[in-house]
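[1] 3D model of this:
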Amino acid sequence: MALLLRTVRLLRPHMSLEPSHPPKIPTHFFRPSPLGSRTPLHIRFRSRLSRPKPNEPFSNNKGNNMLIIQGMIGINTAVFLYGQYAEIQLKQGITKSMRWFRSNFFLNYNNFWYEQRYWTAITSNFTHLGFFHIFGNCISFYFMSRLLAMTPKFMPRNLLTLIIGSGLSGSFFTLFRYGNDPQRAQKSSVGFSGAVSGVAATAACMYPHTTFQLYGIIPMPLWVLVGGYFIYDGFYLNSRTSKISHEGHLGGGAFGLLYYLYKMRTGRWF
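    As a prediction, this is how the structure comes out:
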């Protein structure tokens, strides 16, 4: 998901639905077109949402949500830099840092269950193996989550619940799949893709008709873009040669979809 979404530029949602004018970017990037006249689904369901507490003004949501987004990117960056440091030490014959890093920041079935390193279900979400891996995840996460951050009534606690819940859901589905396949019991899974997929799923549900131009040529609504990636993950779910954690993507995306349905249909807030 993150690899395919890493060039996504998102529209800023406006409650007045006035067209926005994003800055010019290279044509090989996804480029959004104005939101248009369609009303986002979350506006249609406004009457079904629970009312916020009086001491939680909507005007503060955007700033607090953006702090969460920046914080998540900061954590990803810090863990990535430590991983690079451990790799440099490994090349010099010093294995202690890399052994500790793999034991505590890599998710695999044996490490989680037999070694009882349960925290790896969350720490592995912030681990990346290369520059393009972290770049793809972080840029996708930034633009997808920013669309939600600018949405009224989408509180900071909602954004945190979505991010952490999607990451954990992706990890647990990965463990479930690996546990039923002895050949994958030692296979490790890392990356923020589960969280990105969950955020993308919720964004696609709330703004399904936000249009993007794929590579500056092909107009595509957000629900088609995100839905297409989930179909891709499902198609390659049982692949023995794929190096992508399709389980993490699908698990995270499922949480994002269920979170949206729960919030919009029950009016409850996590």
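[2] On the three-state scheme, the residue of the chain positioned farthest from its centre is what?
    Summary for the chain: using CA atoms, centre = their mean, the residue whose C-alpha lies farthest from the chain's mean C-alpha position is residue 93, with a distance of 35.3 Å. Three states are possible here, and by DSSP: H, G, I helix; E, B strand; the rest coil the one that applies to residue 93 is coil.
[3] if I look at it, how far off is residue 82?
    Counting by CB to CB, to the nearest Å, the separation of residue 93 from residue 82 is 19 Å. Every residue, glycine included, has its C-beta placed from N, CA and C.
[4] for residue 110, same thing?
    23 Å.
[5] Name every strand pairing with the helix or strand harbouring residue 220 and say which way it goes.
    In this structure, residue 220 sits in strand 218-221 according to DSSP states H and E. Using DSSP bridges, strand 218-221 pairs in its sheet with strand 211-214 (antiparallel).
[6] avg pLDDT for the strand it pairs with?
    Averaging pLDDT along strand 211-214 yields 69.
[7] One more: stretch 236-248?
    Rounded mean pLDDT across stretch 236-248 is 77.
[8] One more: stretch 131-143?
    Predicted confidence along stretch 131-143 averages 91 (mean pLDDT).
[9] Pick out the residue closest to the middle of this structure.
    By CA atoms, centre = their mean, the most central residue of the chain is residue 196, 1.0 Å off.
[10] got the buried residues for the helix or strand hosting residue 166?
    Counting by DSSP H and E, the element that carries residue 166 is helix 156-179. Taking 16 or more other CB atoms under 10 Å as the basis for neighbour counts, the residues of helix 156-179 that come out buried are 156, 158-159, 161-175, 177-178.
[11] hmm, back to that, find out how far the helix or strand following the strand holding residue 220 is from the centre of the chain, if you would.
    Downstream of strand 218-221, the next assigned helix or strand under DSSP H and E is helix 222-235. Centroid separation between helix 222-235 and its chain, computed with CA atoms, centre = their mean, to the nearest Å, is 14 Å.
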